[in-house]
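Asks: build the 3D model from these lines:
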Amino acid sequence: MQVSRRKFLTLAGTSAATVTMLSPLEAFYAQVARGEMPTSTGYGQLEEKLPLNTAELPDNLKNRPLLKLPRSFNYTAFHTTGGLMSDGFTVPSNHDGMAAYPGANGSTILICNHELGNTANHPVSGDNRYSTGAQGGTSTIVVGADRRPIKNFNSCAGTSRNCAGGPTPWRTWVTCEETFSTSPNTTGTAGSETARHGYNFEVVADPNSGLVTPVALRDMGRFNHEAIAVDPRTGYVYETEDRADSCFYRFVPNVKPTKVGDLAQGGTLYALKVRGTQNFTLNTTNNPNLGGQVGLVKVGEKLPVEWVQVPNPDPDTENATERTGVRHQSQDLGAAIFNRGEGAWYGNGLVYFVASNGGPPGVNKSNGRGHGQVWAYDPAREEITLVVEASPTGQFLDDPDNITVAPWGDLFLCEDGGGVDYIVGVNGKGEVYQFAMNNFNTSEFAGACFSADGRTMFVNIQSPGITLAIFGPWNRRR
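Replies: Next up is the predicted model:
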């Protein structure tokens with residue numbers, strides 16, 4: 001994709017009568033109903049920018065304009081793969097999901113996932129591990145008010161393919177394993193065992209935590225996890241699953257969580273089902289190549305939902321024929337199907353989540369998948385709404401992955417498509433815009449999140465592994 005190509009969203013079937021007024025997208029639907037193009041220049045045209053601290057970066061990144069940004073924005077870069085950390089280890093690779101927490105003296109604490117499996121050139125090192133045979137986990141970065149790192153260290157080790165996750169209101173990060181696999185684990189008695197993966201783990205946002213003791217949150221399900229979002233009113237945790245036939249889940253803890261460790265006390269896992277479908281599993285993809293129908297779910301259409309309890313949230317196998325996987329069990333009870341559930345974030349009183357390859361067949365996709373959808377679940381009304389669906393050309397939006405909600409309500413989507421990737425925004429008027437472009441390579445953006453004061457967006461370029469702090473006049477008209 002190129003900046004000069006104006007790219008619009010498909011909103012077929014939406015009318016003034018069927019529009020759902022859903023902040024920050026209500027004006028978006030109103031514009032579509034009037035036949036207008038709901039786009040914006042956002043913060044202005046994008047131009048190449050050097051990091052302000054480019055002289056401090058490794059030689060392969062020094063004096064390289066890593067991003068294209070609006071003219072009035074700038075950024076710093078740090079926590080690059082292979083760099084020496086405060087704990088004596090080197091920065092792991094494959095930066096992914098991330099969240100920001102307020103620290104002392106205007107600092108920000110970042111917890112960053114590293115999506116690594118059983119082998120890695122730059123693993124998450126350390127002795128306090130879930131499994132000796134798995135190389136993924138998280139690192140923690142303390143960033144000063146000047147947007148330079150103060151310290152960094154590994155904070156969770158021995159997990160596998162930590163893709164995304166989500167922050168909790170009690171200052172922890174739930175890191176999610178995007179796998180249903182095992183690894184060889186050497187025990188303290190020089191024996192060995194097989195460690196099961198496919199779980200969530202909780203990491204405290206503490207500048208002095210060091211490596212936490214990883215505890216698998218088994219009641220939250222064993223499946224190809226992607227992300228979570230917490231409803232602060234109830235403490236319920238909503239979970240996405242990165243499969244072509246994934247479900248959307250709700251974990252109801254046994255106790256309302258208020259501190260680290262409460263989720264480990266267990267709970268009950270449910271999957272979302274569209275009401276009125278009886279035992280029919282609604283395929284939400286709008287894609288016949290994926291078992292759906294073009295236009296079956298209209299953008300802006302409200303769908304009432306209910307929840308079915310997952311009989312066995314911690315299965316030994318994922319077998320479609322024997323229906324053993326969490327999603328198989330759920331769909332046999334009528335749970336809805338989404339294509340590649342990815343990022344999730346709570347904001348505006350809603351749980352937004354991404355179906356990365358949902359939508360009508362992409363004209364330039366050999367696999368017949370779509371270019372992405374964004375959904376919103378309203379826990380107060382028990383409804384879901386398809387709020388964004390990319391066009392078949394992939395214009396404007398190409399395979400969204402991570403999502404965040406800015407403190408002022410804008411949505412920001414990290415693209416993980418084919419070719420050039422952008423951070424795409426949706427403003428309070430319902431207009432969509434390109435905010436940033438990866439000018440360094442074709443790797444995905446990941447882990448977008450905001451500092452507590454709303455002045456800094458933190459985001460990763462997954463490969464070679466770089467964390468960025470972007471700042472500028474966020475309150476400018478978009």
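Asks: is residue 166 located within a strand, as I assumed?
Replies: Yes - when classified by DSSP: H, G, I helix; E, B strand; the rest coil, residue 166 is found to be part of a strand.
Asks: isn't it right up against residue 172?
Replies: No - using CB atoms under 8 Å, residue 166 makes no contact with residue 172, being 9.8 Å away. For the C-beta atoms, the positions are set from N, CA and C on the backbone; glycine is no exception.
Asks: alpha carbons only: can I get stretch 117-137 in CSV?
Replies: Coordinates of each C-alpha in stretch 117-137 appear next as CSV, following Å, rounded to 0.1, in the frame of the first residue of the first chain:
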residue,chain,number,x,y,z
GLY,A,117,8.7,-20.7,20.2
ASN,A,118,11.1,-23.5,21.3
THR,A,119,14.1,-22.1,19.5
ALA,A,120,15.3,-18.6,19.2
ASN,A,121,18.5,-16.7,18.4
HIS,A,122,17.5,-14.0,20.9
PRO,A,123,15.4,-15.8,23.6
VAL,A,124,13.9,-14.6,26.8
SER,A,125,16.6,-15.7,29.2
GLY,A,126,16.5,-16.4,32.9
ASP,A,127,16.3,-19.3,35.4
ASN,A,128,12.8,-18.8,36.8
ARG,A,129,11.0,-20.4,33.9
TYR,A,130,7.7,-22.1,33.1
SER,A,131,9.6,-24.5,30.8
THR,A,132,13.3,-24.8,30.0
GLY,A,133,12.4,-25.8,26.5
ALA,A,134,10.4,-22.7,25.5
GLN,A,135,12.0,-19.4,24.6
GLY,A,136,9.2,-16.8,24.7
GLY,A,137,8.0,-14.5,27.4
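Asks: from the chain's centre, how far out does that stretch sit?
Replies: Distance, stretch centre to chain centre, for stretch 117-137: 22 Å (CA atoms, centre = their mean, to the nearest Å).
Asks: spit out the contact partners of residue 338.
Replies: 240, 246, 247, 248, 284, 285, 355, 358, 373, 375 (CB atoms under 8 Å, 6 or more residues apart in numbering).
Asks: now, which of those lie within strands?
Replies: Counted as lying in strands by DSSP state E, out of these, are 240, 355, 373, 375.
Asks: wait, which of those residues is closest to residue 397?
Replies: For the ones in strands among the contacts of residue 338, the closest approach to residue 397 (CB to CB) belongs to residue 373, at 9.3 Å.
Asks: which strand residues bridge residue 111?
Replies: According to DSSP bridges, the partner residues bridging residue 111 are residue 99, residue 140.
Asks: that one against residue 96, yeah?
Replies: No - assessed by CB under 8 Å, residue 111 is found out of contact with residue 96, at 11.2 Å.
Asks: ok, residue 456 touching residue 468?
Replies: No - the pair residue 456 / residue 468 is not scored as a contact, 9.8 Å apart, by CB under 8 Å.
Asks: who's more crowded, those two?
Replies: Higher neighbour count among residue 456 and residue 468: residue 468, with 25 against 22, using other CB atoms under 10 Å.
Asks: and that one, how close does it get to residue 51?
Replies: 8 Å (CB to CB, to the nearest Å).
Asks: find residues that contact each of those two.
Replies: Shared contacts of residue 468 and residue 51 (CB under 8 Å, 6+ apart): 66, 75, 76, 77.
Asks: just the buried ones from those residues?
Replies: Neighbour counting over these (16 or more other CB atoms under 10 Å) leaves 66, 75, 76, 77 as the buried ones.
Asks: the third one touches residue 147, doesn't it?
Replies: Put plainly, it is residue 76. Yes - counting by CB under 8 Å, residue 147 is a contact partner of residue 76 at 4.5 Å.
Asks: which phi and psi does residue 289 have?
Replies: Dihedral pair for residue 289: phi -70, psi -20, per degrees, to the nearest 10.
Asks: you'd agree it is up against residue 366?
Replies: No - under the criterion of CB under 8 Å, residue 289 makes no contact with residue 366, lying 10.9 Å away.
Asks: neighbour count winner among these two?
Replies: Higher neighbour count among residue 289 and residue 366: residue 289, with 15 against 6, using other CB under 10 Å.
Asks: who are the contact partners of the more buried one?
Replies: Neighbouring residues of residue 289 by CB under 8 Å, 6+ apart: 361, 367, 368, 369.
Asks: the same query, at a cut-off of 6 Å, please.
Replies: 361, 368 (CB atoms under 6 Å, 6 or more residues apart in numbering).
Asks: likewise for residue 217?
Replies: Residues near residue 217 by CB under 6 Å, 6+ apart: 199, 200, 263.
Asks: and those residues, which of them are buried?
Replies: Buried, going by 16+ other CB under 10 Å: 199, 200, 263, out of the contacts of residue 217.
Asks: residue ranges with poor pLDDT in the stretch 151-300 of the chain?
Replies: Along the stretch 151-300 of the chain, segments meeting pLDDT under 70 span 189-190, 277-279.
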